[in-house]
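**Q** The sequence and its predicted three-dimensional model are supplied below.
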Amino acid sequence: EGKYIIVETNYRMYAYTDSALQEQVVRLFSQPLYRLPHMIICVITRATVRNALVKGITAAQIIEYLTLHAHPQTALKPPSV
């Protein structure tokens, strides 16, 4: 269940989860666009990252979280950045 996030190169993020806890964690550094059954579609922006930094979340923690929870299909590909 821990591998549920896909991030596109345009910083749109798809989180395949029904967990309210995981949804709240994702909302700490992204802006939700849509809530569908079993999926949250968000976008990561400068403002959302800045807000996370103000809350005490570091950029390294965000990157580590995204890497740790990357969907298995995206985890196989090297990062584009």
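**A** Arrived safely, thanks for sending.
**Q** CA atoms for contacts and neighbours, from now on please.
**A** Noted.
**Q** Out of the helices and strands in the chain, which is least certain?
**A** Sorting the helices and strands of the chain by mean pLDDT, DSSP states H and E puts helix 72-75 at the bottom, at a mean of 74.
**Q** export it as CSV, just CAs?
**A** C-alpha atoms of helix 72-75 as CSV (Å, rounded to 0.1, in the frame of the first residue of the first chain):
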residue,chain,number,x,y,z
PRO,A,72,6.2,0.8,-8.8
GLN,A,73,5.9,1.7,-12.5
THR,A,74,7.5,5.2,-12.0
ALA,A,75,10.0,3.9,-9.6
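**Q** Okay, buried residues for it please.
**A** Thr74 (16 or more other C-alpha atoms under 10 Å).
**Q** Kindly report the same for stretch 15-29.
**A** 15-17, 23, 26-29.
**Q** export those residues to TSV and tack on distance to Ile44 and pLDDT?
**A** Listed next are the buried residues of stretch 15-29 as TSV, based on distance: C-alpha to C-alpha, whole Å; pLDDT from 0 to 100:
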residue	distance to Ile44	pLDDT
Ala15	12	94
Tyr16	16	93
Thr17	18	91
Glu23	14	93
Val26	10	95
Arg27	9	95
Leu28	10	96
Phe29	7	97
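**Q** closest to Lys77 among the residues you listed?
**A** Minimum distance to Lys77 across those is 17.7 Å, recorded for Ala15 (C-alpha to C-alpha).
**Q** ok, which stretches of this structure are strands?
**A** With strands called from DSSP state E, the chain shows them at 5-7, 12-15, 31-36, 39-43.
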